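Chemist: give me a 3D structure for the following:
(one chain, ligands or ions: 1)
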Amino acid sequence: MNSSTFEAASRQACRSAKALCRLVAAQDLGPLPLYIVPQSRLPPELGGGSVANGYTASRLDLHLRDFIPDYRGRGPCMVVGDRNLWARDADDFLYSFQATSLHELAHLLLRPWYFCEPVNASPEALHREARKVADMVATEPPEDGLPPFMGHESQFIRTALHLQHRAAKVGVWIAPNDLCAGRQYGLSHARRYQLALGDEPQRLADKPIMRIVATEAPIEFTELWVSDVRAHLQSFSRMKGSAL
Ligand SMILES: [Zn+2]
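Modeler: Below you'll find the predicted structure:
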């Protein structure tokens with residue numbers, strides 16, 4: 001890896017991902033700061049050794065405060081695995097950095113307690129917690145029998161598809177399946193979810209996304225989700241049956 005090329009690309013990708021996130025979630029973020037921390041800025045014991053494309057965690061802004069030069073109080077925070085993305089495909093680096101940022105942003109919008117709760121923990125307790133998170137992301141998650149879509153359910157998909165639409169509107173095209181749903185989550189292709197959502201992203205493009213996803217989803221969307229979950233449960237019970 002040419003380190004100066006990588007560093008320049010990472011700085012530029014981080015700036016552009018941050019600007020993109022602010023544009024697509026302007027109303028949801030409001031005046032809150034948004035922190036995107038590239039993995040390469042972190043020591044191994046605080047997330048530098050992550051094997052993930054990106055992650056977020058409760059109180060991550062506090063864990064990584066010393067590595068956020070423009071820290072200005074509590075706000076949504078994500079780590080993007082810039083080294084991992086670069087190693088996977090340097091030519092697609094900007095695209096995958098932006099896609100990862102939007103994916104993590106969808107998580108953050110759905111988990112405001114990650115950055116809103118008042119925290120009374122001591123600096124030592126926060127540091128211990130930060131190291132625990134870093135340990136967790138340093139290895140691939142174990143095959144534990146949980147559904148592959150765990151944490152990326154229908155509300156996540158709907159949020160991600162709204163973000164995808166708003167990003168396309170400002171000239172950044174991210175394939176829906178690179179953000180949510182699809183085979184990697186044991187679900188139908190994201191394009192099918194997008195079709196099932198109909199014109200909702202266009203129609204409600206000027207509304208806060210969190211207000212939209214608090215309302216009932218279009219029936220086709222919900223039916224697709226229910227049928228995916230049912231298919232997962234059926235294949236799971238078949239698997240269990242054949243293992244007996
Ligand atoms: Zn995720």
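
Chemist: find the centremost residue of this protein, please.
Modeler: By CA atoms, centre = their mean, the chain has its centre lying nearest to Glu104, at 1.8 Å.

Chemist: mind checking the SS state of Ser237?
Modeler: Taken by DSSP: H, G, I helix; E, B strand; the rest coil, the conformation at Ser237 corresponds to helix.

Chemist: how far off centre is the host helix or strand of Glu104?
Modeler: Using DSSP states H and E, Glu104 sits within helix 93-110. Relative to its chain's centre, helix 93-110 lies at 5 Å (CA atoms, centre = their mean, to the nearest Å).

Chemist: in terms of secondary structure, what does it contact?
Modeler: helix 3-24, strand 54-55, strand 77-80, helix 82-88, helix 154-169, helix 209-213 (3 or more CB pairs under 8 Å, 6 or more residues apart in numbering; DSSP states H and E). All C-beta spots, glycine's among them, are computed from the backbone N, C-alpha and C.

Chemist: CA atoms only for stretch 48-61, dumped as CSV, please.
Modeler: The C-alpha trace of stretch 48-61 is given here as CSV (Å, rounded to 0.1, in the frame of the first residue of the first chain):
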residue,chain,number,x,y,z
GLY,A,48,-7.7,0.2,14.7
GLY,A,49,-7.7,-3.6,14.5
SER,A,50,-11.3,-3.8,13.4
VAL,A,51,-12.1,-6.4,10.8
ALA,A,52,-15.5,-4.7,10.0
ASN,A,53,-16.3,-2.3,7.2
GLY,A,54,-17.7,0.0,9.8
TYR,A,55,-19.3,-0.1,13.2
THR,A,56,-21.0,2.1,15.8
ALA,A,57,-21.7,1.5,19.5
SER,A,58,-23.3,3.1,22.4
ARG,A,59,-21.2,6.1,23.6
LEU,A,60,-18.7,5.7,20.8
ASP,A,61,-18.1,9.4,20.6
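
Chemist: what are the buried residues along it?
Modeler: For stretch 48-61, the buried set under the neighbour-count rule, 16 or more other CB atoms under 10 Å, comprises 48-50, 52-57, 59-61.

Chemist: so of those residues, which two are at opposite extremes in space?
Modeler: Asn53 and Arg59 (21.0 Å; CB to CB).

Chemist: thinking again about what came up before, how many neighbours does the closest residue to the residue nearest to the centre of the chain other than its chain neighbours have?
Modeler: The shortest distance from Glu104 to any non-neighbouring residue, by CB to CB, 6 or more residues apart in numbering, is to Met78 (3.8 Å). Using other CB atoms under 10 Å, the number of residues around Met78 comes to 25.

Chemist: then Ala205?
Modeler: By other CB under 10 Å, 14 other residues sit near Ala205.

Chemist: tell me the secondary structure for it?
Modeler: Ala205 ends up coil, using three-state DSSP.

Chemist: point out where the protein drops to low pLDDT.
Modeler: Along the chain, the model assigns pLDDT under 70 to residues 1, 240-244.

Chemist: domain-wise, how is it divided?
Modeler: As given by automatic domain parsing, the domain ranges for the chain are 3-137, 154-243.

Chemist: so can I have TSV of those showing distance to Pro147?
Modeler: Shown next, in TSV, are the domains of the chain (distance: least, CB to CB, whole Å):
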stretch	distance to Pro147
domain 3-137	17
domain 154-243	6
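
Chemist: closest to Glu143 out of those?
Modeler: Closest among these, once you apply CB to CB, is domain 154-243, at 12.4 Å.
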